[in-house]
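A.B. asks: I would like to see how this sequence folds:
(chains A and B)
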Amino acid sequence: MMHVGLIHYLAVSGALFALGLACIVLRRNALLVFMGLEMNLNAANLALVAFSRYGGHAEGQVLATFIIAIAAAEVAIGLAIIVALFRQRSTVVTDLLRSLKG
Amino acid sequence: MTAYDAIFWFFSLALLLCGVLVLISRDAVASGLYLVLSLFFLAGLYILLEAFFLALIQVLVYAGAIMVLFLFVVMLLDFRESRHWWHGNLLGLVGAPLAVVALAVALLPVLKRSGALAAAPEQWFEGTLENVMTPVFTRYLLPVEITALILLAATIGVVVLGRKEKQP
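C.D. replies: Residues are numbered from 1 along each chain as shown, chains lettered A, B, ... in the order given. A predicted model of the protein is given here:
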């Protein structure tokens, strides 16, 4: 069997990204769509860390740190929006939210 | 197969299994818990990549803080909509891997040509706290400040969004 290298980490990252994308496209619950987004961000982080490790530079891990910080802000805002949506419409099913007007 | 390879396969298969369970579980709380588990396995992969600091941050901030916020909201919003959990179309199920495969086909020749796939072991990077944070606070100081501003803006935004509407 081939030894684990950069390409294996990239394959895992790609598979995780595909799962996140499928979660975004297929699930109807807005919170699950959001979880798919988190999986996408983590897949990108894994690819960045693998590149950083095998390329011998710090930039990938620095960027991954920034991504985690921005993800924290994004999750806070997104969840606040979902809670506000739930208060307004008492549902978070994306198919039932068809108009923008409050 | 070395021990490194075995640990890699264990962590990555567990990670992808948890990802599949996030995708297919009907209960949003279960999905959230599987996502937490998958983030732990991802931290394991980070340790294999010698990104020790990032693995720590992954467990403390991502699995610890962000996902707890997530689960808190999932349990706060008491929705029972098992009828609406899943789109009927197979288009997304086929389309999502297809999109990733297309991206890989587009990117792999570029990676091969740049020689990034042939790793040179002598220049491997070790992601200790010092090695990662020194560039952050020297070369990338301006992005750090901008990130701080973004976090402040997000905090204010959440306070504004979470405020109760005034009764007219």
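
A.B. asks: mind checking how far the residue nearest the centre of chain B is from B:F72?
C.D. replies: For chain B, B:L39 is the residue whose C-alpha lies nearest the centre (C-alpha atoms, centre = their mean; 6.6 Å). Counting by C-beta to C-beta, to the nearest Å, the separation of B:L39 from B:F72 is 16 Å. Bear in mind the C-beta positions are built from the backbone N, C-alpha and C, glycine included.

A.B. asks: cool, and B:G157?
C.D. replies: 18 Å.

A.B. asks: same thing with A:A76?
C.D. replies: Separation of A:A76 from B:F72 (C-beta to C-beta): 12 Å.

A.B. asks: Could you check which of those two is surrounded by more residues?
C.D. replies: Between A:A76 and B:F72, counted using other C-beta atoms under 10 Å in any protein chain shown, A:A76 has the larger neighbour count: 19 against 12.

A.B. asks: Double-check that one against B:V158; I have them as touching.
C.D. replies: Yes - between A:A76 and B:V158 there is a contact under C-beta atoms under 8 Å: 5.0 Å.

A.B. asks: Okay, helices next: where are they in chain B?
C.D. replies: Remark: helices assigned in chain B by DSSP state H are B:3-24, B:28-48, B:52-57, B:67-76, B:91-114, B:129-137, B:141-162.

A.B. asks: what about the helices in chain A?
C.D. replies: Along chain A, counting by DSSP H, helices occupy A:6-26, A:30-55, A:59-89.

A.B. asks: and the last one with helix B:141-162, angle?
C.D. replies: Spelled out, that is helix A:59-89. On the basis of axes from the mean of the first three to the mean of the last three C-alpha atoms, to 10 degrees, helix A:59-89 is oriented at 10 degrees to helix B:141-162.

A.B. asks: Tell me how many other residues crowd B:L152.
C.D. replies: There are 11 residues near B:L152, going by other C-beta under 10 Å.

A.B. asks: now swap in B:A65 and tell me
C.D. replies: Neighbour tally, B:A65, other C-beta under 10 Å: 12.

A.B. asks: That one is in contact with A:V75, isn't it?
C.D. replies: No - using C-beta under 8 Å, B:A65 is not in contact with A:V75, being 9.1 Å away.

A.B. asks: Output the below-cut-off pLDDT ranges for chain B.
C.D. replies: Under the criterion pLDDT under 70, the flagged ranges of chain B are B:79-89, B:92, B:115-123, B:165-168.

A.B. asks: can you list the weak-confidence ranges in chain A?
C.D. replies: For chain A, counting by pLDDT under 70, the residues that fall below are A:1-2, A:101-102.

A.B. asks: which residues touch the residue nearest the centre of it?
C.D. replies: Among the residues of chain A, the one closest to the centroid is A:E38, at 2.4 Å (C-alpha atoms, centre = their mean). By C-beta atoms under 8 Å, 6 or more residues apart in numbering or on different chains, the residues touching A:E38 are A:G20, A:A71, A:V75, B:L35, B:I66, B:F70.

A.B. asks: how far is stretch A:94-102 from where the chain is centred?
C.D. replies: Put simply, stretch A:94-102 sits 23 Å off its chain's centre (C-alpha atoms, centre = their mean, to the nearest Å).

A.B. asks: One more: stretch B:97-105?
C.D. replies: That offset, for stretch B:97-105, works out to 19 Å (C-alpha atoms, centre = their mean).

A.B. asks: same check, this time on stretch A:11-31
C.D. replies: Here the centre of stretch A:11-31 is set off from its chain's centre by 8 Å, with C-alpha atoms, centre = their mean.
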